[in-house]
Each structure stands twice: as C-alpha cells, then as structure tokens.
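Asker: structure for the following, please:
(2 chains)
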Amino acid sequence: MFEGFSLAEFLERCGFLITGFIIFLLLYIFYPEKVERIATHLLWVFSYFSGWAERRAISQEVEYIVSTSFVKNYHLEEVPRIVVKWGEEDEAILDLKKSMLLIVLRRGRKLRYENIAKAILKALPELLAPEMKVVYDPRLVECLSAHMARNLVKDSQPIVTAINEFVASELEKDEELRKIVSMLVEIDDESFLSRILLPELIEVAKIRYPHRDPQIDDDFLNLVKTLHSIVRGEISEPIICGKYFRILFVRVARPEKVEAMLLPHVQFVKHSLNKCPAMETVYVLAAKRNIAAAKALRMLLERELRDMGMKVKISEQEYTGTYRGKPHTKLYICKLKMEKIT
Amino acid sequence: MRVRFRDVVVPAIGEDVLPRVLRKLGLYDDVAGNMAVCYICGEPLSLDTIGAIAMLNDKPVLICNKSSCIGKAALLISKSQSSTTPKVS
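Answerer: Sure, this is the predicted structure:
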C-alpha cells in the first residue's frame, strides 16, 4: 500500500481500530439510543477540559432527551428534534433576526440542567406540528405542549421544576387552562393522550389546515373532557358527535367474555351509529383479562360494520401502562376507522 | 411506524460571546451601566442574569434567566412569528 508497508501489515497494525469501528457501528445500528446516551456522558466528561465538548454535550443531551422521549412516549409519525445551533456574534445576530429569540447558555456543569431547560422552553411552542397552532386555539395547544414537555423530561427533576415554574406563571390567571392541564395529566396517566387524543387532534389539524374555525375548540375540549371522564369511569355514554370529532368509545368490562355477552356492546355501537350517523371512529378499550374479550368484540364489530356497508380500517395497540392508578397493567386499544362505501 | 424528524432550531450563544453580541446590538452600555431590565418581568439585568435576547418589532430586547420569562418570551415570539394568517371558515 505505502512504501515498505504492505496492505496485510496495514490491516494487522490497524486491526484493533477497524474491529473497534465495526463493533461501534454494529452497536449503533442495534442500540442507537444506548450508544447516544454513552456518547453524551463521554462528552460531559470531556467538557471538564473543553468548551467545545460542553457545547456539544448540551446540544446532544437536549436532542437526545426530547427526540428519544417523544418516540418512546408519543406514537406519532412526526417527532421534533431540537437542534441547538451555537453561533459567534455575527451568526448569532443573523439567527436572532431570523428566529427572534437567542438563548444565552452558561458554562459549568452545575448549570447543565438550567441550560437544557432554557433550550426546551425556547422550543416549547414548536414541539407540536405548526398546523396545530393554526387550526386550534393556541392557548389549548400551549397547554398540550407544556404538559408534553414536562412529561418528556420527567427523569430530570431540575428541568421539570423549570417547566413547572413557567406553566404555573402562565396558568396563574386562567382557571380554565389550569383545569385542562390537570385533565391532560390524568388522561396521559392512562396513555390516552399519546394513543388517542394527540393522533385524533393531528389528523383533524392536517385536514383542516390552514383553516381556522373557532368551533373546533369546543370539539377539542369535548374530546378532552370525554377522555377524562372515561379515565375516571364517570361516563355512561362516551360518544362525541361534533362537527370535527365523531368518536365512540367502547370499554369492555369483565362479564362480556363470552361471545353472546358481547352482544350488548355491539347493540350499543349500532344504537350510537343511529344516534350519530356521521360517526367515523370506534375505539375499543380494555385492560388486563378483558383484552381477550375486547379482541373478540373487535372481530364482531368489524363483521357487523362491514355488513352495514362500511369499509373498516383497524389498528390495534397492546401495551403496558397505568390503569386506575395501578402501574404495569396490560392495556389494549383498538381503533376502527369507518368509511361508508358509496 | 416510520418516524420522521422535524428540526426545531434553537439558536444559542455562550456567555463568552454575549458581550460582543450586546455591543453589536448597542445594548452593552445599558447592561454595564445597570440600566437594562428584563422585557417580561422588569427585573434589573446584569451580564450574569441575561437568559435570552429577543427581537420584537425589529428591536432587540433582553430577557432574564428565569424559566417563566424565557418560556413567555418564546410564546410571545411564536405568536408574533406565525406568519400564516389563519383563514376563518
């Protein structure tokens, strides 16, 4: 290869490096999250000696915390990735004119969480897709973003405290927003925020964008209130038949395990469809041992709805979450999206 | 499900760059002379307590270190920045 240095010799000498690189590459392919976490820790170690490493560590950690938690907690197709862009004075002034807000980050590991909190607070209004802010009342979207941001950083108490300080200052004058945020917390406890509320809101926002109809906010609130009542077990007919959201929730309870006993649920769906002919979505919800019954109900409903001349698109999720305060409970959500065949 | 990433850029400067940026924006003397205040809460500012710089109506303003002030400034900017005028239908 080089003079007096054959390829075999080169490979022999660089063997460790090449093997190390291949191992690193394989680890990154199979465990990207863990490798990124380790890389961030290493950068924090190097940050004792280098300002560059500290800047990289802050950028990497913010990006890691937000994107990874978003992917883990919120089952969305589009996930925000916070990119901290460091600049010298001229670049910073250009960025300031473009982005309108420039954050000042301090040196020192003691201020690590304060710096990360600043970056997340700056990015908070952009955590959700831009269509959301246009289609819904920005105050409602802010509540949602603030709650989500708090949830994303729940493992870092100092950052949660910083976001809480902001949320408290924003909500101190608004009793209604305070109520909505507390409802969102309860809805999220049962994972309905990430699995039902957000996907529904995003779906409608995508269709409606860039049109804004103030009536959509009532539908938004109605959806939040209905989900909150379901979580608390306080609702007998969980139907939303608004202009933008037409959803029926069917919670499968224990006695309905045998096929015959599932019929009341089927009847309830039929009755609800008569009441709200424009119904578009049915969610079948179940926990623990009732999941098997819920799956049987899903099959029954699919057949019934097809017989009624509808095209049904099904998506199921089985996961572990908190149910009525009990963590690590097996839960099930099945979404039946209906479309009338014309 | 295939996840798409949407970049949210957060421009930042280190504290070492801050005096130079303030000089270029013509705010350094105010800060050095203890005349600068936080645009949100009105607290007096020094070089150590500036948390962010915002551009409002083409005029640079300073924001203090408090999380509530930075969050409020971000919301204020986001509202003023939403260039897409929603169509009321």
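
Asker: okay, now the unreliable bits of the stretch 151-300 of chain A?
Answerer: A:254-260 (pLDDT under 70).

Asker: and it, which of its residues are near chain B?
Answerer: Selection of the stretch 151-300 of chain A residues close to chain B by C-beta under 8 Å from any C-beta of the partner chain yields A:162-163, A:165-166, A:168-170, A:210-214. Placement of C-beta: from N, CA and C, glycine included.

Asker: let me have those residues in JSON lines, extended by distance to A:Asn115, secondary structure and neighbour count.
Answerer: Shown next, in JSON lines, are those (distance: C-beta to C-beta, whole Å; DSSP: H, G, I helix; E, B strand; the rest coil; neighbours: other C-beta atoms under 10 Å in any protein chain shown):
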{"residue": "A:Ala162", "distance to A:Asn115": "10", "secondary structure": "helix", "neighbour count": "26"}
{"residue": "A:Ile163", "distance to A:Asn115": "14", "secondary structure": "helix", "neighbour count": "24"}
{"residue": "A:Glu165", "distance to A:Asn115": "15", "secondary structure": "helix", "neighbour count": "18"}
{"residue": "A:Phe166", "distance to A:Asn115": "15", "secondary structure": "helix", "neighbour count": "25"}
{"residue": "A:Ala168", "distance to A:Asn115": "21", "secondary structure": "helix", "neighbour count": "12"}
{"residue": "A:Ser169", "distance to A:Asn115": "20", "secondary structure": "helix", "neighbour count": "17"}
{"residue": "A:Glu170", "distance to A:Asn115": "21", "secondary structure": "helix", "neighbour count": "20"}
{"residue": "A:Pro210", "distance to A:Asn115": "35", "secondary structure": "coil", "neighbour count": "13"}
{"residue": "A:His211", "distance to A:Asn115": "39", "secondary structure": "strand", "neighbour count": "13"}
{"residue": "A:Arg212", "distance to A:Asn115": "36", "secondary structure": "strand", "neighbour count": "19"}
{"residue": "A:Asp213", "distance to A:Asn115": "40", "secondary structure": "coil", "neighbour count": "17"}
{"residue": "A:Pro214", "distance to A:Asn115": "39", "secondary structure": "coil", "neighbour count": "10"}
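
Asker: got CSV for the residues you listed, with distance to A:Glu89 too?
Answerer: Below are these laid out as CSV (distance: C-beta to C-beta, whole Å):
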residue, distance to A:Glu89
A:Ala162, 27
A:Ile163, 30
A:Glu165, 30
A:Phe166, 28
A:Ala168, 35
A:Ser169, 31
A:Glu170, 32
A:Pro210, 37
A:His211, 42
A:Arg212, 39
A:Asp213, 45
A:Pro214, 44
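
Asker: ok, of those residues, which one's closest to A:Ile239?
Answerer: For these, the minimum distance to A:Ile239 (C-beta to C-beta) is 21.2 Å, reached by A:Asp213.

Asker: what distance do you get for that closest one to A:Gly242?
Answerer: 11 Å (C-beta to C-beta, to the nearest Å).

Asker: what does A:Lys337 give?
Answerer: Taking C-beta to C-beta, one finds A:Lys337 at 17 Å from A:Gly242.

Asker: more crowded one of those two?
Answerer: Taking other C-beta atoms under 10 Å in any protein chain shown, A:Lys337 and A:Gly242 do not tie; A:Gly242 has more neighbours (17 against 14).

Asker: measure the closest residue to that one other than its chain neighbours to A:Ser47 for me?
Answerer: Nearest residue to A:Gly242 in three dimensions, chain neighbours excluded: A:Asp219, at 4.0 Å (C-beta to C-beta, 6 or more residues apart in numbering or on different chains). Note on A:Asp219: its distance to A:Ser47, by C-beta to C-beta, is 48 Å.

Asker: again, but for A:Ser191
Answerer: For A:Ser191 relative to A:Ser47 (C-beta to C-beta), the value is 36 Å.

Asker: now B:Val3
Answerer: In terms of C-beta to C-beta, B:Val3 sits 29 Å off from A:Ser47.

Asker: and A:His147, by the same measure?
Answerer: 31 Å.

Asker: so where do the helices sit in the stretch 201-342 of chain A?
Answerer: A:215-232, A:259-275, A:291-307 (DSSP state H, counting those that start in this stretch).

Asker: dump those into a markdown table; add mean neighbour count as well.
Answerer: Converted to a markdown table, the helices of the stretch 201-342 of chain A look like this (neighbours: other C-beta atoms under 10 Å in any protein chain shown):
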| stretch | mean neighbour count |
| --- | --- |
| helix A:215-232 | 19 |
| helix A:259-275 | 15 |
| helix A:291-307 | 18 |
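
Asker: so for A:Glu131, which of those helices sits nearest?
Answerer: Here helix A:215-232 is closest among the helices of the stretch 201-342 of chain A (C-beta to C-beta), at 12.0 Å.

Asker: show me what that closest one is packed against.
Answerer: Judged by 3 or more C-beta pairs under 8 Å, 6 or more residues apart in numbering or on different chains; DSSP states H and E, helix A:215-232 is in contact with helix A:138-152, helix A:175-189, helix A:192, helix A:198-208, strand A:239-241, strand A:246-251.

Asker: quick one: low-confidence parts of chain B?
Answerer: Checking chain B against pLDDT under 70 turns up B:1, B:82-89.

Asker: wait, a helix at A:Lys173?
Answerer: No: using DSSP: H, G, I helix; E, B strand; the rest coil, the assignment for A:Lys173 is coil, not a helix.

Asker: tell me if the longest helix along chain B is near chain A.
Answerer: Counting by DSSP state H, the longest helix found in chain B is helix B:67-81. Yes: Helix B:67-81 is in contact with chain A by C-beta under 8 Å from any C-beta, via B:67-68, B:70-75, B:77-81.

Asker: filter those residues to the buried ones?
Answerer: B:67-68, B:70-75, B:77-78 (16 or more other C-beta atoms under 10 Å in any protein chain shown).

Asker: angle of the longest strand seen in chain B against helix B:67-81?
Answerer: Counting residues, the longest strand in chain B under DSSP state E turns out to be strand B:4-14. Counting by axes from the mean of the first three to the mean of the last three C-alpha atoms, to 10 degrees, strand B:4-14 lies at 120 degrees to helix B:67-81.

Asker: alpha carbons of the very next helix or strand once past strand B:4-14, as CSV, please.
Answerer: Using DSSP states H and E, the helix or strand that directly follows strand B:4-14 along the chain is helix B:18-25. The C-alpha trace of helix B:18-25 is given here as CSV (Å, rounded to 0.1, in the frame of the first residue of the first chain):
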residue,chain,number,x,y,z
LEU,B,18,-22.6,37.6,25.0
PRO,B,19,-20.7,40.9,25.5
ARG,B,20,-19.7,41.1,21.8
VAL,B,21,-23.3,40.4,20.7
LEU,B,22,-24.6,43.1,23.1
ARG,B,23,-22.1,45.6,21.7
LYS,B,24,-23.2,44.9,18.2
LEU,B,25,-26.8,45.3,19.2
